[in-house]
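A.B. asks: dropping a prediction and its sequence here:
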Number of protein chains: 2
Amino acid sequence: MSTSDIEPAPRPRRRDAQERHDRLIVAAQREFAARGVDASLEKIARDADVAIGTLYRHFPTRLDLLLAALEPRLREFSEGSKKALEIDDPWQGFVSYLENLFRVQAGDRGFNDFLSRRFPGSADTERIHDQMCRQIDDVLTRAQEAGEARADITLADIVNLIWSNGRMIDATSTTAPNAWRRQLHLMLDAYRAQRAHPIPEPPMTEQQLYDAMVRLSTAG
Amino acid sequence: MSTSDIEPAPRPRRRDAQERHDRLIVAAQREFAARGVDASLEKIARDADVAIGTLYRHFPTRLDLLLAALEPRLREFSEGSKKALEIDDPWQGFVSYLENLFRVQAGDRGFNDFLSRRFPGSADTERIHDQMCRQIDDVLTRAQEAGEARADITLADIVNLIWSNGRMIDATSTTAPNAWRRQLHLMLDAYRAQRAHPIPEPPMTEQQLYDAMVRLSTAG
DNA sequence: CCTCAAGTTGAGGTACCCCTCCGGATATTT
DNA sequence: AAATATCCGGAGGGGTACCTCAACTTGAGG
């Protein structure tokens, strides 16, 4: 192993290639945002005024393109999360975290889909999902320990909430783009600790949750 | 207009035709239940061991076949609804109505899809949907007038709940087939009158609701 | 200006799906 | 047994999408 093997002279990308790369991302952002993760790659290529072969050269898999397109959303989400995590009041932190998540989710069907599917085999996406789960677990636990959130709910319940929100957004994004906020706050009432009623069903296990998300990626 | 115009000698269906008709319905039930309203008609024909042309002869449109396949579900739902509507206690009636609805919804993806889409132009389906909306409105109003359900929710909120449930079912039907009950009862806590918090968003109007459902049938 | 690695193109293979049409098969009636 | 309305099969036209690859083009270093 010589040093030249480790650093194989990475000549910079050609300018025209860079341009096409950028155009592809722009088109992909528009298309994924409007039609979700299953948007047509051929249409994205057409919109970007680029041949389909070029799309595949730059982004060998759909997931590669999706992640490139979603990058700003992930950043936006991440910044909002950070703010929410810094809030002192446990209940407010919990609420802010979810409001931020739902807001970003409502603005991008690609992100929306991305949230409720797991892509086994992609370390990148698994990492993102795992981090989100950890954060949700944190804000939830903190709200529970403060006695603000009911003690009998778990991460799985919040994930269900995210799925539900996703469906609402699919239905209402063009006709009632803020409808999700109402649903969220109705739900939050149920999550407050006082006056909680018993629930006739245990929460999903982590395994069930994971399987369900994987299923959303595969099942037609 | 002679009587012969009104009664144009309706010779009964041929026996072989009846058989194929029945096989098609069986296959359609299986397929719609498993894959939802957008199941492949060609696969249904293959499963029924019938040529695609024959399928179209018996059921000129997808909706014709869907309604025929869904008939037992609709009946099952209707019977459960009737029982719920007879319950004296307003809150229990409300809960029972939703539990019945969600249970049927959880058992059939075709019915699940059917619930959250409207098919403008089909008097049949519009009637079914309208009747359901009226019933929901009834049980809800009764629970509200009894002071059991919070006064600031509307039909649209329940429909959102149905959509949400639909998403949960898509995700969990194979991995946690009873998960919907938990989500429902969590939600019901939010719907109880006592200790309701203000919601930062008005309910959807009827028009918004209708548009959203129509959109689910068309938008990809 | 020349060279050539890097990049591009788009036809073409595969696989679905929807829906129509008409020659041929068949159950039923007479 | 013949007549015939009814019914059936399935090829075929039209569409969309995924992905590959061989032939061509071009930017950039020398």
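C.D. replies: On my side now, so go ahead.

A.B. asks: next helix or strand past the helix ranked longest in chain A?
C.D. replies: Longest helix of chain A, by residue count under DSSP state H: helix A:62-86. Heading C-terminal from helix A:62-86, the first helix or strand you meet, by DSSP states H and E, is helix A:90-107.

A.B. asks: which SSE is immediately downstream of that following helix?
C.D. replies: Assignment by DSSP H and E places the next element after helix A:90-107 at helix A:109-115.

A.B. asks: near DNA strand C, which residues of chain A?
C.D. replies: By C-beta under 7 Å from any atom of the strand, the residues of chain A that approach DNA strand C are A:11, A:13-14, A:16-17, A:19-20, A:50-54, A:56-58. Every residue, glycine included, has its C-beta placed from N, CA and C.

A.B. asks: quick one on the thing from earlier: got the contact list for the longest helix of chain A?
C.D. replies: Here helix A:62-86 makes contact (C-beta atoms under 8 Å, 6 or more residues apart in numbering or on different chains) with A:24-25, A:28-29, A:32, A:37, A:41, A:44, A:55, A:58-59, A:93, A:96-97, A:99-101, A:103-104, A:107-108, A:110-111, A:114, A:119, A:122, A:124-125, A:128, A:135, A:138-139.

A.B. asks: that helix versus helix A:90-107: what angle between them?
C.D. replies: 150 degrees (axes from the mean of the first three to the mean of the last three C-alpha atoms, to 10 degrees).

A.B. asks: ok, now which ones touch the residue lying closest to residue A:55 once chain neighbours are set aside?
C.D. replies: Counting by C-beta to C-beta, 6 or more residues apart in numbering or on different chains, residue A:45 is the residue found nearest to residue A:55 once chain neighbours are left out, at 4.4 Å. Residues near residue A:45 by C-beta under 8 Å, 6+ apart: A:24, A:27, A:51-52, A:54-55.

A.B. asks: is it true that residue A:45 lies in a helix?
C.D. replies: Yes: under DSSP: H, G, I helix; E, B strand; the rest coil, residue A:45 sits within a helix.

A.B. asks: okay, domains of chain A per the record?
C.D. replies: A:12-60, A:72-218 (automatic domain parsing).

A.B. asks: between those domains, which gets the lowest average pLDDT?
C.D. replies: Among the domains of chain A, domain A:72-218 carries the lowest mean pLDDT, a mean of 91.

A.B. asks: distance from it to the middle of the chain?
C.D. replies: A distance of 10 Å separates the C-alpha centroid of domain A:72-218 from that of its chain, computed with C-alpha atoms, centre = their mean, to the nearest Å.

A.B. asks: count of residues packed around residue A:108?
C.D. replies: For residue A:108, the neighbour count with other C-beta atoms under 10 Å in any protein chain shown is 24.

A.B. asks: against residue A:21, how distant is it?
C.D. replies: Distance from residue A:108 to residue A:21, counting by C-beta to C-beta, to the nearest Å: 21 Å.

A.B. asks: ok, for residue A:98, nearest residue in space, not its chain neighbours?
C.D. replies: residue A:184 (6.2 Å).

A.B. asks: after the helix or strand the one you found falls within comes which helix or strand?
C.D. replies: Assigning secondary structure by DSSP H and E places residue A:184 in helix A:179-191. The element immediately downstream of helix A:179-191 (helix or strand, assigned by DSSP H and E) is helix A:206-218.

A.B. asks: close to DNA strand D, is that following helix?
C.D. replies: No: using C-beta under 7 Å from any atom of the strand, we find that helix A:206-218 stays clear of DNA strand D, coming within 13.2 Å at best.
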